[in-house]
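In: here are the coordinates; sequence isn't available:
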């Protein structure tokens, strides 16, 4: 069904970005503009996008239609046509719903967090643009348009991570995120090109690709599937392209919340689900994706157990939860993986926003032990943070339990017992390091008498709303064994996702095991950290605290090697070989020219003699060659 509303889901935040950018230029060049103006524009436009999406969702649910909108033909060469076309199917509307809603709440939160900042207007311009880019990615009808949004979120993440560019470390973090993602994006682009040659169709819309997928070479499809996933490794911070994500915490906390909950890192999972028709037919690539997800989840969880920066702990938890999502979509349980994307958006946004509230209250302190030493009374943040920690630990009936348990059950049902075992151990570690964070920040004894610190309502109200989602969002896909309708599974039936069909007794045992593992992690964390001496923090040295020295390894192998190669090319190849050769040739020409120049003596008879000799030589040559 054609509808003009689809484009307005994108245009609303895009117009907000353009207007805020224009006002910001006027603000710094001509006359000061109140932060309220930027706030109103920056928060109303995401709300408009959400309301439009909600209207389409309700209409789709009632009528069962799929929305499309063709804007114009972007490229037409021979039989190849690439249209700027938007697709609002069940998957796109599902993603757009929570991206716009959670994104809107984060925009409201940013008003309080960024209050008084010199770049307030610029921040909201970037923020709106970030949301618009993600919506282009989600609503794209073909991978070319998807790639525009894909690159858009990459550029916006760079701009926001390096927002405080006067600090060198922030610029380095922004560059690191941008470069790491360019590696993945190059793989994604090669994957699209490979898919184009494999399909050989005159259109690259997802429906055309799906219709022609069975006519393509299996080898080319495997290569395309792998290369596309390389892009997902970068965007969604999976092994080996994950190193940018912890450093991305250099940006303001609202951008951390938006990246981790509603935009950039979820793009990779969405992309795999969007290409479900490709990955479902290539089991080996799907299994590869699942194992990458499993080991990424485990690695991130292990590293998080020894981190001391509150935002980096949450960053590694995101990488770990994304690993679960890739287990789901890799094994063909697309609705389960996307359901975890959905629930994760609520509790992860809330955790980051809570962390931001703590950071503001303590004048931008991020070390969890120092936060504990100067503890402040923040009752709403305390409550919502606890809700988020319980949800991510996977304790029922909080949302994280239902979505994570579905993925673990999927791995068990599929016979991937190693993945299931890794997932269970990661669940233990998740409960441990998240409650380690909670006990140190809020519970461990402190000599400091905590004082109540007022927190802006623009911070607390979004937190309370998100806490409702963190508690109750899991019931949207309530398992059938408890009498649930599994709404998300039904809504995403277009993906031909595999379903859980284990015996009820097996499901009960798996759920019980998952709960016991999470409880064990909480108990271990309680015994070690509930009464921890926060004035003698853990040693920051060691292989785990230093993230297995992966950054140092990458620096040695790739960065330093590239520098040496570049220096060799500059100093040896360029200076000595290329420039040296050219200069030698040039000098010889100059020397020869100087010698020839000596015959130019301005003597007319001398010139006439040379002309006579030259003409004589020509006549002799003609005489001999013509046989005269």
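Out: Structure's in. What do you need? Computed from a predicted model, the values in this text were never measured in an experiment.
In: going forward, measure contacts and count neighbours with C-alpha atoms only.
Out: OK.
In: which SSE is the nearest residue to residue 228 once chain neighbours are set aside in?
Out: Take residue 228 and drop its neighbours on the chain: the residue closest to it by C-alpha to C-alpha, 6 or more residues apart in numbering is residue 188, 4.3 Å away. Assigning secondary structure by DSSP states H and E places residue 188 in helix 168-199.
In: any weak-confidence spans in the stretch 1-150 of the chain?
Out: Within the stretch 1-150 of the chain, no range satisfies pLDDT under 70.
In: so where do the strands sit in it?
Out: For the stretch 1-150 of the chain, the strands defined by DSSP state E, counting those that start in this stretch occupy 67-77, 80-88.
In: just the chain next, same as before
Out: Along the chain, the segments classed as strands by DSSP state E run 67-77, 80-88, 376-377, 451-452.
In: residue 276 against residue 495, yeah?
Out: Yes: contact criterion C-alpha atoms under 8 Å: residue 276 and residue 495 qualify, at 6.3 Å.
In: overlap in contacts, the two.
Out: residue 334 (C-alpha atoms under 8 Å, 6 or more residues apart in numbering).
In: pull the distance from the helix holding residue 188 to the chain's centre.
Out: Here helix 168-199 is found 11 Å from its chain centre; the criterion is C-alpha atoms, centre = their mean, to the nearest Å.
In: other SSEs contacting that helix?
Out: Applying 3 or more C-alpha pairs under 8 Å, 6 or more residues apart in numbering; DSSP states H and E, we find helix 168-199 packed against helix 143-161, helix 218-235, helix 244-247.
In: need those in JSON lines (columns: distance to residue 282 and mean neighbour count).
Out: Below are the helices and strands packed on helix 168-199 laid out as JSON lines (distance: least, C-alpha to C-alpha, whole Å; neighbours: other C-alpha atoms under 10 Å):
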{"stretch": "helix 143-161", "distance to residue 282": "19", "mean neighbour count": "22"}
{"stretch": "helix 218-235", "distance to residue 282": "7", "mean neighbour count": "24"}
{"stretch": "helix 244-247", "distance to residue 282": "29", "mean neighbour count": "22"}
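In: which of the strands of the chain is buried the deepest?
Out: Across the strands of the chain, averaging neighbours per residue (mean count of other C-alpha atoms under 10 Å) puts strand 80-88 on top, at a mean of 20.
In: pop the domain breakdown of this structure in here.
Out: 282-539, 546-597, 600-628 (automatic domain parsing).
In: and of the ones you listed, who's closest to residue 129?
Out: Of all those, domain 282-539 sits nearest to residue 129, with 18.7 Å by C-alpha to C-alpha.
In: quick one on the thing from earlier: distance to residue 257 added to the helices and strands packed on helix 168-199, as JSON lines?
Out: Shown next, in JSON lines, are these (distance: least, C-alpha to C-alpha, whole Å):
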{"stretch": "helix 143-161", "distance to residue 257": "12"}
{"stretch": "helix 218-235", "distance to residue 257": "15"}
{"stretch": "helix 244-247", "distance to residue 257": "12"}
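In: residues contacting the residue nearest to residue 228?
Out: Taking C-alpha under 8 Å, 6+ apart, we find residue 188 in contact with 227, 228, 229, 230, 231, 232.
In: from those residues, pick the one nearest residue 405.
Out: Nearest to residue 405 out of the contacts of residue 188 is residue 232 (C-alpha to C-alpha; 23.2 Å).
In: what is the burial count for the residue lying closest to that closest one once chain neighbours are set aside?
Out: Distances taken as C-alpha to C-alpha, 6+ apart put residue 268 closest to residue 232, at 4.0 Å, once the chain neighbours are dropped. By other C-alpha atoms under 10 Å, the residues close to residue 268 number 25.
In: now do residue 308
Out: Other residues lying near residue 308 total 20 when counted by other C-alpha under 10 Å.
In: repeat for residue 332
Out: Residue 332 has 29 nearby residues by other C-alpha under 10 Å.
In: again with the one 5 residues further on
Out: Residue 337 is surrounded by 29 other residues when neighbours are defined as other C-alpha under 10 Å.
In: that one and residue 409, how far apart?
Out: Computed as C-alpha to C-alpha, to the nearest Å, the residue 337 to residue 409 distance reads 12 Å.
In: same deal with residue 282?
Out: With distances taken as C-alpha to C-alpha, residue 282 is found 22 Å from residue 409.
In: before we move on, what about residue 230?
Out: 26 Å.
In: ok, now residue 568?
Out: Relative to residue 409, residue 568 is positioned 54 Å away (C-alpha to C-alpha).
In: and those two? which has more neighbours close in?
Out: residue 409 (22 against 13).
In: surely that one is in contact with residue 510?
Out: Yes: with contact defined as C-alpha under 8 Å, residue 409 reaches residue 510; the gap is 6.9 Å.
In: next, the angle from the helix holding residue 188 to helix 218-235.
Out: 160 degrees (axes from the mean of the first three to the mean of the last three C-alpha atoms, to 10 degrees).
In: if we can go back for a sec, can you say which of the strands of the stretch 1-150 of the chain is nearest to residue 323?
Out: It's strand 80-88; of the strands of the stretch 1-150 of the chain, that one is closest to residue 323 (C-alpha to C-alpha) at 26.9 Å.
In: list the helices and strands the closest one packs on?
Out: Using 3+ C-alpha pairs under 8 Å, 6+ apart: strand 80-88 touches helix 6-29, strand 67-77, helix 120-139.
In: ranking the ones you listed by burial, who's on top?
Out: Highest mean neighbour count among the helices and strands packed on strand 80-88 (mean count of other C-alpha under 10 Å): helix 120-139, with a mean of 27.
In: just how off-centre is it within its chain?
Out: Between the centre of helix 120-139 and the centre of its chain there are 14 Å (C-alpha atoms, centre = their mean).
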